[in-house]
Structures are given as structure tokens and as C-alpha cells.
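Trainee: Predicted model and sequence below, questions to follow.
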Amino acid sequence: MWTALATLITSLVVAPPATAAAEPLTITDFTSGGVPTGVHAWGNDAASIPALTTEPATDRPGAPPGNRALRSAFAISRWGGWSHDLSAPQDWTPYEGFSFWVRGAGSGQRIFFEVKDGGGGAGKAELFESSFTDDTVGWRQVRAPFAGFTRRTDHQPGGAPTDGELDLVAMWGYAMRLPTGTGTLMWDEVQVYGTAPPRPVRLSTDAPVYPVDEQGRAEVRVTITTTTGAPLTEDLAVDYRTGAGTATPGADYTSAQGTLTFRAGTASGASKAFTVRTSQDGQDEVAETIPIELSGPGTRPPAEAPVVVINAHGLPYLNARLPVKKRIADLLGRMTLEEKVGQMTQAERGALARQSDIATYLLGSLLSGGGSAPARNTPRAWADMVDAYQLQARRARLQVPLIYGVDAVHGHNNVVGATIFPHNVGMGATRDPELVERQGEITAREVKATGIPWDFAPCLCVSRDDRWGRAYESFGEDPALVSRMATIIDGLQQNGVLATAKHYVGDGGTEYGSSTNGDFTTDQGITRTSRQELEAIHLAPFAEAVKRGVATVMPSFSSVDLGSGPLKMHAQDALLNGVLKDRLRFKGFAISDWQAIDQIPGDYPSDVRTSVNAGLDMIMVPYAYPAFTSTLKAEVEAGRVARKRVNDAVRRILRQKFRLGLFERPYADRSRLGEVGSAAHRAVARTAAARSQVLLKNAGGLLPLRRDAKVYVAGSNADDLGNQAGGWTITWQGSSGPITSGTTILSAIRSRAAGVTYSRDASADLAGHDVGVVVVGETPYAEGQGDVGRAGRTLDLSAADRAAIERVCGAMKCAVLVVSGRPMVLGDLSGIEAVVASWLPGTEGDGVADPLFGAVPYTGRLPFTWFRSAEQLPINVGDAAYDPLFPYGWGLRTDRGQDRLKAARGRLTGGDNLSRAAASELTPALQDRNWHADGSARDTGPVLDALGTAASLLERSETDAYAVGDALVSVARDVAQRAGKRPDLQAAADHELAAGNLRKAVDLLIQSTR
């Protein structure tokens, strides 16, 4: 193999093209004096992004006078390079290959380059690569025939085509991937060259796999496609025949052979069909294959030969009437080691060199990473894509279905047009476990409609430092609150989608500056803590998840240091096997995070055996699935991973596949495609957005605004759907702009106010307005990319947003809405009447405007302590020194406390004896003499006394709902917030409420008023 590879690499640097070749087409020549438009550098961190400049290069052989070339100076830790992304696609089909000049350093390093084929743009093209070796000091020309390019298997962008064919019809540019280390390379005259050999007519079939039962028939439809799209100029004969597979001709099927003739003038895209008939041999058996061979002069057969598959039948594991335990035992007993290892392997869908690799490597799972979408990002295209992968699994002899996973972390957020909820930080602010469960249900229905039965959510991290780039993925800083919101697991799993509790355990506690990944500061860092603190803060939500029967758990990228030094969570035998599986009795399976085992110290075989022995059941490879499957198999055969451990992992995985009914229903339920992004689902997301709004300040009762008000709207996040949705929306990092369908905050305000003036930078005339609304905050990010300290990121508002606030709020009464994934530095609020924490509300901007104009009240509460200055971080409820701007649990309400208490009493009268007794205790306190006209408590003594007594009774009630207790405590919180004392006790009270200690919560709030 290495000899062949060396020959290929050598062949890339060849003599000039033959004289018969067409004139080269220059793609980039760098003669303009500056870096050309579309040319840009990239890297895994700021330091790894090469510096690009253009410099004189008259020393290049054949260079014209005044020639310039591109200089790339680099210091790359993991990956980096430069690309030329074209603004419009080019047709390279007339050419033989790709060429460029490079001035090398003789480093001996292998340098890869790639071309971008098809798709909707340079960022959504299928990538095909070649390489050369930097073994020459000075200039040389590299020429790579297109026939030698291969599809990248280590990375494909989301939305790229996946046909595995270098079509050359619509090319979006190229990229040069520079080697790790430091150096300088010069580049010049990037061209396509030569004359392409004749391109044959392409043959394809209507399906790659034709599953059929015994005594059935498979109709195979063959389509012809000409290079130019023109009709055939002469007759074309396509021969077909059944080839040698695992099925036996005569016994299992009738051999088929013949010719399909397409006459001259036949349109490109025309098709003809033939039939393969199967027999019945009376045996219960595994699936058997019948390959189909297509050929003919002037044709190119399909990249992968189609196959007819006689379905497995009659075996116990296929019998849905048997208990799952028996089905698992039967199937496990039939599996080879290779088949078991395949079940433990999860690959990124874009990594598949060929879709048939699903059966070749016996893969148990695929995933779409953030932004890994079909080329046409619609719900139906998702269903088509996932179903196509499931179809490939039918090739394998046992026909074990795939389990497909996706990060639907705030709705089906990778799909354009899906319902996008607020991120977890906003859902935590709702303090509404029932609403969170409803979110899970809607997400499940939309995910399941597209054929996906597994969601990598919820994140049950307890975020303890707002500088962490994943803070918005957390429901809050309090383990009691996060545990309350684990109801999303029920919403997902009761509607046919497996939930994933992540990231086990402690990722929200990583220390600032401890990250081990590139230029991240907090993400993937180290959680230094005691075992007691780890259990009390970080483990508690996972214990709740296990109680709820969560199907899968994903360990964190981070490390835990309990006093003996940091150890990666993916290697934590004591916490994975010992705590999760043994002590908590977790019955699901543990799935690794993205390529996370590679971060375990040691070589790759060590990474594999360490992680599997520590308790990982399935590994999200995600690209190197051939290496992983061969390595794990070798580790088992060598005795370094016990077969018992493998059997346990596969048993856990199969249990969930049977639980989902995948063996009977592997494909998408397309009857529900119309629900994706439906008005009914968006209405729930709108409610969630409204309840997530936290009113921090409301001087003079400015909010809610009058409907007849003339409103001046400004700020960077007023009219940006992408910004209000945040990261993990359509793509991994998210992006600004109209990236999907929804309602911006500005459009929602316009639908309510009598008159609206919008000026993003507040440069429009300010006169003649009743009130200003300035919507400011963050732009999207995800994971470590959002870490404070990375690439200059801070928690400060942008200069433009600060200027807009000063201009608008200096001219009129105003409300500032902060659209962000975490608290931000607000500074002096004395000139601002109202401040709202809007978090990342998702696609339904109407939900932000609903409480703003009084359609619903403000009811949200802070899931994070809002710091005065970034120097206070980390700051959390329970800290010994606690002096926040706004405490954990803070949230002013615009509904009447008396009405809330009346409604709570009404619900309690229908409960058990203790609930009815609590209702009786509230009755005297509800007398009008105890209340102001606005519904706030006048005589707080009897009201608070009644609340305390009722709270004691409700703690022992078996019919009390959390919402009723929350309403009861909210009245005491109103009193405490008006008093404005002891933020530490107010925060502690909200913790006790989430923990179910109603009386203690009321007592703390009463104490805070003194």
C-alpha cells in the first residue's frame, strides 16, 4: 500500500501537460497586490490561523515581470490553512486536473489540499483531497489529476452532498491544509489544466438496496445520465446480471441477466427496469445478498453496486411478541465479534466514504454533528437522508437497525423551519417543569418525524461560572433547579425519542484557565473539587435523570480532580462504572462525546481500551470508524478488553433499539412531517419565550408598555433572528441573520405598538417617541468558542450597544432587553427605567413582546446570579461572600400577588386533606384589607404568617403540584424584593424552593425583609 501511495504522491509532480491539452484556466494568481477576495485563512485557534500576505515572486519559473505570490506564515497546533471560496461555481469538467506552484521548505511533511464540489456554496460542498510532500526547497509545480482525488473521510461540512462522486460541474474553490508546526510557504498560479478524458454515461439505480422477503420480487430501475444533460447521440446498451453474493441462485432466487437498450435520442434521466425474483427455501435464516452488476460500452456503473437483499426471517430476535430480554439474548448469541464492535461504533454521517460502509463496518449508529444536514435542509430531506442510511443497514446479515442521533438541544435546531425554543438558560428562568416537559414532547415529535429516534439532550450541567462558553446550555447554577428541569427527559422518551443526560459529570464546574483544548479558557478544563461537593452539586441532576429512566448518558470532555490529579471523564472508571452504573444502577448505555477518547493520554489503542473498560458502551468516533473498529477488535482478541465488557455494552445498546421498536419500524414516520415548525408547536415555544423573560428593574412601573405608545427601537439584537436563537441553531456555532423562519423581536413589537421607529445604531431622530426599547447582547457561539478570554471575548456589551443605550435612554424613558446566553456587565443602571433579561428566546420573538406589552405578565426568575462586575466571577447561590447586582431567583412580576394566591388556594381545595388545610390557612390572609389596590401585600404580617403555615402543610401533601407551591412562595418573594435586603437569603430561598423545602423558602424570604 505504501509503495502505491508513494507512486501516487510522486505522480502529482509531473512534466508539463501534453501539447493537445486545453489552455489552463487560472483560478487564483495573486497579482492584484493584496490578498484576493474570497481567500481567507483558518485554524483551530487564533494562534493557528496563518498570516496571509502577497509578496513579489519574480523568481518563480515562468513568472511574468512584477509577479506576486501568496505568502502563508503559520504556527499550527492542530489544524489550519487557507481557502479560496468562489462567489459563483465554476465548471471544471473540461479539464484533466488541478495545479499550483508552491515554494517549499524541504520539510518532508505531507501537505493535503482539497477541492470543493457541488452543494449550495463553498461552505456546503463535498470535499475531495489529494496531497504532495514538501521535499523541495524552492519553487515547484504540483499537478494532481482529478482521477486521483479521493473523498475526505475525516471531515465533511454540514449540508454537503454525500454522493461520493467528484462531479466537477459546480466547483466552489479549493483549500490548502498546512502541516502542524511552524513555517512559511509561498503559493502561486492556481489553475485547472489539461483536457479531460471522455466522460461516459453514468448509470444509477432508484435505490442502492432492495430488501425483499422470500418468494418476492425486486424491481430494479436503471437510469442513464449524460455528462452534458443532452439526449443520447447513439444507441446505448446496458447489460445487467445478478452476481455472486451470500444468496444461492436456484435455491434462494432466480438468476437474472439481460440488456436494457436506450435508443439514440433518449433523454438524459430516462430509465428502464428489470426484475429479480426470490424463492422460499423453508429455512429460518439471516439476510442474504444478491449483487446487481451493470455494464456497457461508454457507461460508468454506479459508484456502489446495488444489491437485492432477502430479509432475515423466522429468527427469535425478530419476533416482536417475545420479551425484549429473550430477543436480546438470541441476537447477541448470533453476533460475531465484528458485529458487536460495530454496534459500539458511532460515525458522523459526513464521514462515510461510501454509504455501504454502514454494512461493511457493521455500524450501529450514525449522527449529525452540529450543522451536519442534508444538502437541502428541509424536514422531508432529513427523513429521506436518515431513511437512506437505515436502508443501507439492511445489507448486513443480521439487519440490526441504526440508531441515529442529533443534538436537538432547544428544539430540532439543525432543521430549517423547525420549532426553536429558548435555550436551557431561558427554560430554567421559567421555573416551569411542566413546560419543559412539553418542550421535550414537541422536540421529540419533530425529531421523530424526520426519522431520528435519539436526542443528545438534555444538558444537565450545573454551570458555576458565567465565563464558560456553554453556560446557556445549563438550566442554572443550582443543582436543585437543574434537577427540577429533568422533566424534559419524560417529554422526549414518552414520545419515542431517547434522551441523553450530558455531560457527566462536573463540566459546569471547570476552572477558568484550566482548559486543555487550544485557546479555550474554561470549556474542556478541570473541575477541582471534593467528592462531597461533586456529588452535591454536579451529580445530583444525573441521579434524578437515572431515576427517570434516561436511556443514555454522555460523559464530559472535561477532567475531574478529586485531590489526586486530573483525570479525563472518559477514563473515569470510578465515576462511570462505579457511580453511574453500579451505585445509581443506570441501565441505559454510555455514549462518548465527539472524538473525546482521543484526548485520553496515550496512543490510540490505549484510548480505546481505557474508555471502554471505564464504562463507555458506544464511541462517537466520529470520523475514524475503520481505525476504531479494527483497534477495538484487536484489543478484545488480545484480552485487554474483556468479551464480557463488550457483551454488556452491546446488550445495553440493543435494549434501547428494541425499546424504540426500531426492528419493526426503522424508518421515519412521515405522517408527522407537517408538525415540524407547526403553528401549534410554535405557540408553545412562544409561551416558553414569554415565561423566560426576567424583569430585573421596573422603575415607575414602565413595563408593561401601552399599546398606543410610540416606540423607538434600537440595538444590535432587535432585528436578528440568528442572534436571538444563539448557538446550536442550524449550524454548530449558530450565526447572525435570517437563518431560519421565525419572528424577530422588532417585528413582534411592530405588531403591537401604535408606532415604531427602528434604528439599529440609534442614529435616527429621537424626537416624538413615548418610550425607547434597546435590544442588546451577544452574537451566537457554542462551546469553547464562547469562553471569556478566548480571542478577546468579554462579558461587556459592545461599544455600539452601549452607545445606543446612552443615546436612547438619555432622550426618553427606556427599557433595555439583554439577549444573551448568560449575565453580562450592565454597569450603571440609574438612567434606565427597565431592564429585562431576555436570554436566547429562540425563533418566537412574539414571546419577548408578550410581557413587554402586558399580554402576559412577567414571571421569570434568574437561573444565574447576575454579577455586579466580572471580577466577582465565579459567583453562585450559597457563596459565603455574596453581593450581586441581582441575586439568583430574582424576578419582578407584573401580575397581582393577591390574584396569584387566590388561584393557588382554588387549586388546593381540590387536593388531599393537607392541601385543603393549606387552602383554609390562606383564606383569612386573602381579605382585601391586607392588600393594596395593585394586588401587593399591605399588611405583610398576616400574609407572610399564612404563607409559612400553608407551606408547612404543602410539604407533606401528596397532591401538591410544584406550580402551586411556587405561586405561594412567589408572594413572599414579592415582599422580600420590595424590601431590597439580604440578597443571600433571597437566593437561598429560591434554592430551597427548588429542593421542595417550601417552609424554609418562606422563612428565608421573611428573614430577608428584616
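Mentor: Yep, it's here.

Trainee: Could you pull up the mean pLDDT of stretch 803-820?
Mentor: Averaged over stretch 803-820, pLDDT sits at 98.

Trainee: next one: it to chain centre, how far?
Mentor: Offset of stretch 803-820 from its chain centre (Cα atoms, centre = their mean, to the nearest Å): 33 Å.

Trainee: do stretch 774-782 as well
Mentor: 19 Å.

Trainee: avg pLDDT for that stretch?
Mentor: Per-residue scores along stretch 774-782 average to 98.

Trainee: Can you get me the start-to-end distance on it?
Mentor: For stretch 774-782, the first-to-last residue distance is 25 Å (Cα to Cα, to the nearest Å).

Trainee: So for that stretch, what gets flagged as buried?
Mentor: Neighbour-count burial for stretch 774-782 flags 774-782 (criterion: 16 or more other Cβ atoms under 10 Å). C-beta coordinates here come from the backbone N, C-alpha and C atoms, glycine included.

Trainee: List just the nearest of these to Pro887.
Mentor: Nearest to Pro887 among the buried residues of stretch 774-782, counting by Cβ to Cβ, is Gly777 at 21.0 Å.

Trainee: now the strands for the stretch 501-650 of the chain?
Mentor: 526-528, 552-555, 559-561, 567-568, 589-590, 619-620 (DSSP state E, counting those that start in this stretch).

Trainee: Now render those strands as a markdown table, adding distance to Val943.
Mentor: Supplementary listing: the strands of the stretch 501-650 of the chain in a markdown table, determined by distance: least, Cβ to Cβ, whole Å:
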| stretch | distance to Val943 |
| --- | --- |
| strand 526-528 | 43 |
| strand 552-555 | 45 |
| strand 559-561 | 46 |
| strand 567-568 | 52 |
| strand 589-590 | 50 |
| strand 619-620 | 54 |
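
Trainee: Please flag which of the buried residues of stretch 774-782 sit within strands.
Mentor: 774-777 (DSSP state E).

Trainee: between those, which is nearest Met812?
Mentor: Distances from Met812 to those, taken by Cβ to Cβ, are shortest for Val774, at 10.6 Å.

Trainee: Could I get the contacting residues of that closest one?
Mentor: Applying Cβ atoms under 8 Å, 6 or more residues apart in numbering to Val774 gives the contacts 713-715, 718, 762, 801, 804-805, 808-809, 814-817.

Trainee: Return the set of residues that bridge with it.
Mentor: Beta bridges link Val774 to Ala714, Val816, judged by DSSP bridges.

Trainee: Return the distance of it relative to Ala791.
Mentor: With distances taken as Cβ to Cβ, to the nearest Å, Val774 is found 26 Å from Ala791.

Trainee: again, but for Gln191
Mentor: Shown here: Gln191 relative to Ala791, a distance of 35 Å by Cβ to Cβ.

Trainee: neighbour count winner among those two?
Mentor: Taking other Cβ atoms under 10 Å, Gln191 and Ala791 do not tie; Gln191 has more neighbours (20 against 10).

Trainee: roughly how far out does the longest strand along the chain sit from the chain middle?
Mentor: In the chain, with assignment by DSSP E, the single longest strand is strand 181-193. Centroid separation between strand 181-193 and its chain, computed with Cα atoms, centre = their mean, is 34 Å.

Trainee: next structured bit after that strand?
Mentor: strand 201-205 (DSSP states H and E).

Trainee: which parts of that next one are buried?
Mentor: Neighbour counts over strand 201-205 (16+ other Cβ under 10 Å) mark 201-205 as buried.

Trainee: What lies in contact with it?
Mentor: The contact list for strand 201-205, computed with Cβ under 8 Å, 6+ apart, reads 220-227, 232, 236, 238, 292, 294, 296, 298-302, 306.

Trainee: now do 6 Å
Mentor: Here strand 201-205 makes contact (Cβ atoms under 6 Å, 6 or more residues apart in numbering) with 220, 222-226, 294, 298-302, 306.

Trainee: Parallel or antiparallel, which strands does that strand pair with?
Mentor: Short version: by DSSP bridges, strand 201-205 pairs with strand 217-225 (antiparallel), strand 299-300 (parallel).

Trainee: Which one of the contacts of Val774 is nearest to Asn319?
Mentor: Closest approach between those and Asn319, by Cβ to Cβ: Leu817, at 57.7 Å.

Trainee: quick revisit: can you dump the C-alpha coordinates of the longest strand of the chain into CSV?
Mentor: The C-alpha trace of strand 181-193 is given here as CSV (Å, rounded to 0.1, in the frame of the first residue of the first chain):
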residue,chain,number,x,y,z
GLY,A,181,4.3,23.2,13.4
THR,A,182,5.8,26.5,12.2
GLY,A,183,6.9,27.5,8.7
THR,A,184,6.4,29.6,5.6
LEU,A,185,5.1,28.5,2.2
MET,A,186,4.6,30.6,-0.9
TRP,A,187,1.8,29.8,-3.4
ASP,A,188,1.1,31.0,-6.9
GLU,A,189,-0.9,30.4,-10.1
VAL,A,190,-3.7,28.0,-9.0
GLN,A,191,-5.2,26.5,-12.2
VAL,A,192,-7.1,23.7,-13.7
TYR,A,193,-5.2,22.2,-16.6
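
Trainee: partners of that strand, with directions?
Mentor: strand 25-28 (antiparallel), strand 68-76 (antiparallel), strand 97-105 (antiparallel).

Trainee: buried stuff in that strand?
Mentor: 183, 185-193.

Trainee: count of residues packed around the closest residue to Glu214 other than its chain neighbours?
Mentor: In this structure, Glu214 finds its nearest non-sequential neighbour in Gln280, 4.4 Å apart by Cβ to Cβ, 6 or more residues apart in numbering. Residues lying near Gln280 (other Cβ under 10 Å) number 13.

Trainee: Just the element for Gln280, please.
Mentor: Secondary structure assignment for Gln280, by DSSP H and E: no helix or strand.

Trainee: Of all the strands paired with strand 201-205, which one comes closest to Gln595?
Mentor: strand 299-300 (35.1 Å).

Trainee: ok now that closest one, how far from the chain's centre?
Mentor: 39 Å.

Trainee: buried stuff in whatever helix or strand comes next after it?
Mentor: Downstream of strand 299-300, the next assigned helix or strand under DSSP H and E is strand 307-310. In terms of neighbour count (16+ other Cβ under 10 Å), strand 307-310 has its buried residues at 307-310.

Trainee: Stretch 348-361 too?
Mentor: Using 16+ other Cβ under 10 Å as the test for burial, stretch 348-361 gives 348-352, 354-361.

Trainee: These in strands, which ones?
Mentor: Members of these lying in strands (criterion: DSSP E): Glu348.

Trainee: Can you add distance to Ala125 and pLDDT and give the buried residues of stretch 348-361 back as a markdown table?
Mentor: Compiled in a markdown table, these are given as follows (distance: Cβ to Cβ, whole Å; pLDDT from 0 to 100):
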| residue | distance to Ala125 | pLDDT |
| --- | --- | --- |
| Glu348 | 17 | 96 |
| Arg349 | 16 | 95 |
| Gly350 | 12 | 92 |
| Ala351 | 16 | 93 |
| Leu352 | 16 | 94 |
| Arg354 | 18 | 92 |
| Gln355 | 18 | 95 |
| Ser356 | 22 | 96 |
| Asp357 | 21 | 96 |
| Ile358 | 23 | 98 |
| Ala359 | 27 | 98 |
| Thr360 | 25 | 98 |
| Tyr361 | 25 | 98 |
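
Trainee: Format the buried residues of stretch 348-361 as a markdown table; extra columns: distance to Pro884.
Mentor: Below are the buried residues of stretch 348-361 laid out as a markdown table (distance: Cβ to Cβ, whole Å):
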| residue | distance to Pro884 |
| --- | --- |
| Glu348 | 42 |
| Arg349 | 44 |
| Gly350 | 44 |
| Ala351 | 46 |
| Leu352 | 50 |
| Arg354 | 56 |
| Gln355 | 54 |
| Ser356 | 57 |
| Asp357 | 53 |
| Ile358 | 52 |
| Ala359 | 57 |
| Thr360 | 57 |
| Tyr361 | 53 |
